[in-house]
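Chemist: Have a look; sequence and predicted model below, questions after that.
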Amino acid sequence: MDPTVLVAPGLLEVAGGSGVELVYMLAALLFILGLKRLSGVKTARSGNALASLGMLLAIAATMVLLWGSVALWIVVLGVLVGGGVGGWLAKKVPMTAMPELVAFFNGMGGGASMFVALAEIVHAVRGEGSIADQTAPDFAIAAALSVLIGAVTLSGSLVAYGKLSGKFDRSRIGPLGLKAANIALMVLCLLLCWYAGFGAEGGGSITFAYLALTVFALVLGISFVTPIGGADMPVVISLLNSYSGIAASATGFVLQNNLLIIAGSLVGASGLILTRIMCKAMNRSLLNVLFSGYAQSGSSGDDEGYTRVKSTTAEELAPVLDAAQSVIFVPGYGLAVAQAQHKVRELADLLEQRGCQVRYAIHPVAGRMPGHMNVLLAEADVPYEQLFELERINGDFKNTDVAVVIGANDVCNPAASDPQSAIAGMPVLHVWEAQTVVVVKRSLSAGYAGIKNELFQMDNSLMLFADAKKAVEDTIAELKEL
């Protein structure tokens, strides 16, 4: 049977021209609206739905465009396999592992752009493909950038995935990771970009140049991310996300596909904006994050340097919370590791039943990726209106009875006000201004910045040494007994 009889009369003629482009523009509009709604906690869910609908329309329009060709079945197979894997990961991966999953997705996006560009380059060398003039300078520049940025994103994101999942903890692989190696690899990649696009003569030379560019760009991605520590991973993830968008946009120019150009530009621009927000939240420049890292000053021992620490227990903490009229929870990565978000929500419900005002103070770089704490608390159905960003909540600590810090360290360290500190000038949560501060932590060990936290031995601070989930569970049990 001719497959065209399954399509409305005239649809294929329209699809081959302006029809598909109109659907692509509608998809792009949905991407923009979805991204806009993602900027607010309350509207993020609907924003994600709008963007998903846009992607569905884009895939459907592409299938209509390819109707009757062998390529259609390749797309169908890709949708089925990719959708199946994506659905499986969405159900299997816990929220605590979301940062490494996002890093992995960034890598897949960069890899897809790289491979599509390489395929189109092969077509150009053979004189095939649908591009009108595959020897034009704009094609050469777009193809080189797509391969370069896509390859760096792929290998760099896989290294980030390894670091976040605990499978890779090295800061150097031979010379890889050194500034000199990064600079040398970047210069070499740029020279290969020029040679592949404008210097090489003959199909063999062009193919070799692009393959060499791919290899060295992959090595550059590894060398680029390897020395960066866990404290800077929120910045790295948002930056690699931006890279994946830029690579996709460059691939859009290679294919002359307007939707890919728009979507890639949106991801690239939003990623750069988010990267800037993350750097501002740490009071550091992007160059400092990428090439310096936090200085490992101070003590990283469990108790060295602390002399006035007051420890507490769940039994002692319960009456303090029972008497409180206002409580602010400050979540950190320790909460994510312990998967304590549901227990924290249960504790908050108990406090609210006693007439206590409960809020959550969210620092932009708490956790391992932008918005990590928001995602975890949303999983526990914490009301959106109880989530407050640093700027909105910082002035309220002085009017708060109890601030409960769960698994956070550097984001509430008073050392940020010390000009000589490694985190000098970093905006932090002023939890020490609360009447009582309870820090739930396994030990007195330093955070990623590797510096002492004077909060632990302040007069109004109590240390509850325990796993976050176990500590909250015990506190709930004691509170119910009162």
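Modeler: Right, received. Where do you want to start? The model shown is predicted, which means the values in this text are computed figures rather than measured ones.
Chemist: For the rest of this, base every contact and every neighbour count on C-alpha atoms.
Modeler: Noted.
Chemist: list the helices and strands the helix or strand where residue 207 lies packs on?
Modeler: Using DSSP states H and E, residue 207 falls within helix 203-225. Helices and strands touching helix 203-225, by 3 or more Cα pairs under 8 Å, 6 or more residues apart in numbering; DSSP states H and E, are helix 98-126, helix 137-165, helix 179-194.
Chemist: orientation of that helix relative to helix 98-126 in degrees?
Modeler: With axes from the mean of the first three to the mean of the last three Cα atoms, to 10 degrees defining the directions, helix 203-225 sits at 170 degrees from helix 98-126.
Chemist: May I see the buried residues of helix 203-225?
Modeler: 206-207, 209-214, 216-225 (16 or more other Cα atoms under 10 Å).
Chemist: Also stretch 274-285?
Modeler: 274-282, 284.
Chemist: got TSV for those residues, with secondary structure, pLDDT and distance to residue 333 too?
Modeler: Output for the buried residues of stretch 274-285, formatted as TSV (DSSP: H, G, I helix; E, B strand; the rest coil; pLDDT from 0 to 100; distance: Cα to Cα, whole Å):
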residue	secondary structure	pLDDT	distance to residue 333
274	helix	87	19
275	helix	88	19
276	helix	86	21
277	helix	83	19
278	helix	81	16
279	helix	83	18
280	helix	78	20
281	helix	76	16
282	helix	74	16
284	coil	72	20
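Chemist: and of the residues you listed, the nearest to residue 347?
Modeler: If you rank the buried residues of stretch 274-285 by distance to residue 347 using Cα to Cα, residue 281 comes first, at 28.8 Å.
Chemist: For the closest one, give me its contacts.
Modeler: 364-365, 426-427 (Cα atoms under 8 Å, 6 or more residues apart in numbering).
Chemist: Any chance you could list what contacts the helix or strand where residue 72 lies?
Modeler: Per DSSP H and E, residue 72 falls inside helix 70-92. The contact list for helix 70-92 (Cα under 8 Å, 6+ apart) reads 63, 66.
Chemist: And it, what's buried?
Modeler: residue 72.
Chemist: pLDDT averaged over it, what's the number?
Modeler: Across helix 70-92, pLDDT averages out at 86.
Chemist: what angle separates it from helix 98-126?
Modeler: 170 degrees.
Chemist: Distance from the chain centre to helix 70-92, please.
Modeler: 23 Å (Cα atoms, centre = their mean, to the nearest Å).
Chemist: now do stretch 235-246
Modeler: On Cα atoms, centre = their mean, the centre of stretch 235-246 falls 8 Å from that of its chain.
Chemist: about what we covered before: how about the helices and strands packed on helix 203-225, which one is nearest residue 201?
Modeler: Once Cα to Cα is applied to the helices and strands packed on helix 203-225, the stretch that comes out nearest is helix 98-126, at 10.6 Å.
Chemist: Show me what counts as buried in that closest one.
Modeler: 98-118, 120-122, 124-125.
Chemist: ok so, going back, right, and the helix or strand after the helix holding residue 207?
Modeler: helix 233-255.
Chemist: For that next one, name the packing helices and strands.
Modeler: Against helix 233-255 (3+ Cα pairs under 8 Å, 6+ apart) you get helix 98-126, helix 137-165, helix 258-282.
Chemist: could I have it exported to PDB, CA atoms only?
Modeler: Taking Å, rounded to 0.1, in the frame of the first residue of the first chain, the C-alpha atoms of helix 233-255 are listed here in PDB:
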ATOM      1  CA  MET A 233      29.800  21.100  39.900                       C
ATOM      2  CA  PRO A 234      26.600  23.300  39.800                       C
ATOM      3  CA  VAL A 235      28.500  25.700  37.700                       C
ATOM      4  CA  VAL A 236      30.000  23.000  35.500                       C
ATOM      5  CA  ILE A 237      26.600  21.300  34.800                       C
ATOM      6  CA  SER A 238      25.000  24.600  33.800                       C
ATOM      7  CA  LEU A 239      28.000  25.500  31.600                       C
ATOM      8  CA  LEU A 240      28.000  22.100  29.900                       C
ATOM      9  CA  ASN A 241      24.200  22.400  29.400                       C
ATOM     10  CA  SER A 242      24.900  25.700  27.600                       C
ATOM     11  CA  TYR A 243      27.600  24.000  25.500                       C
ATOM     12  CA  SER A 244      25.100  21.300  24.400                       C
ATOM     13  CA  GLY A 245      22.700  24.000  23.200                       C
ATOM     14  CA  ILE A 246      25.400  25.900  21.300                       C
ATOM     15  CA  ALA A 247      26.500  22.700  19.600                       C
ATOM     16  CA  ALA A 248      22.900  22.000  18.700                       C
ATOM     17  CA  SER A 249      22.500  25.500  17.300                       C
ATOM     18  CA  ALA A 250      25.700  25.100  15.200                       C
ATOM     19  CA  THR A 251      24.300  21.800  13.900                       C
ATOM     20  CA  GLY A 252      21.100  23.600  13.000                       C
ATOM     21  CA  PHE A 253      23.200  25.900  10.700                       C
ATOM     22  CA  VAL A 254      24.900  22.800   9.200                       C
ATOM     23  CA  LEU A 255      21.500  21.300   8.400                       C
END
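Chemist: roughly how far is that helix from the heart of the chain?
Modeler: The answer for helix 233-255 is 12 Å, by Cα atoms, centre = their mean.
Chemist: tell me the mean pLDDT for that helix?
Modeler: Per-residue scores along helix 233-255 average to 90.
Chemist: Just the element for the nearest residue to residue 29 once chain neighbours are set aside, please.
Modeler: Once flanking residues are discounted, residue 29 sits nearest to residue 54: 7.8 Å by Cα to Cα, 6 or more residues apart in numbering. Element membership of residue 54 [criterion: DSSP H and E] is helix 44-65.
Chemist: Buried residues of that helix, list them for me.
Modeler: Buried residues in helix 44-65, counting neighbours by 16+ other Cα under 10 Å, are found at 44, 47-48, 50-55, 57-59, 61-65.
Chemist: Could you break this structure into its assigned domains?
Modeler: According to automatic domain parsing, the chain comprises the domains 1-92, 97-293, 314-481.
Chemist: can you redo those domains as a markdown table with distance to residue 305?
Modeler: Shown next, in a markdown table, are these (distance: least, Cα to Cα, whole Å):
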| stretch | distance to residue 305 |
| --- | --- |
| domain 1-92 | 40 |
| domain 97-293 | 22 |
| domain 314-481 | 8 |
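Chemist: what's the spacing between the closest residue in space to residue 154 that isn't next to it in sequence and residue 317?
Modeler: Nearest in space to residue 154, with sequence neighbours left out and distances taken as Cα to Cα, 6+ apart, is residue 107 at 3.9 Å. Computed as Cα to Cα, to the nearest Å, the residue 107 to residue 317 distance reads 45 Å.
Chemist: got it, and residue 97?
Modeler: According to Cα to Cα, residue 97 stands 30 Å off from residue 317.
Chemist: Contacts only, for residue 462.
Modeler: Taking Cα under 8 Å, 6+ apart, one finds 309-312, 436-439, 456 in contact with residue 462.
Chemist: Nearest to residue 446 among the residues you listed?
Modeler: For the contacts of residue 462, the nearest to residue 446 is residue 456 (10.8 Å; Cα to Cα).
Chemist: now the closest one: how far from residue 327?
Modeler: 19 Å.
Chemist: related to what we said a few turns ago, angle of the helix holding residue 54 against helix 258-282?
Modeler: Going by the same axes, to 10 degrees, helix 44-65 makes 150 degrees with helix 258-282.
Chemist: what's residue 425 in contact with, if anything?
Modeler: Per Cα under 8 Å, 6+ apart, neighbours of residue 425: 282-283, 416-419.
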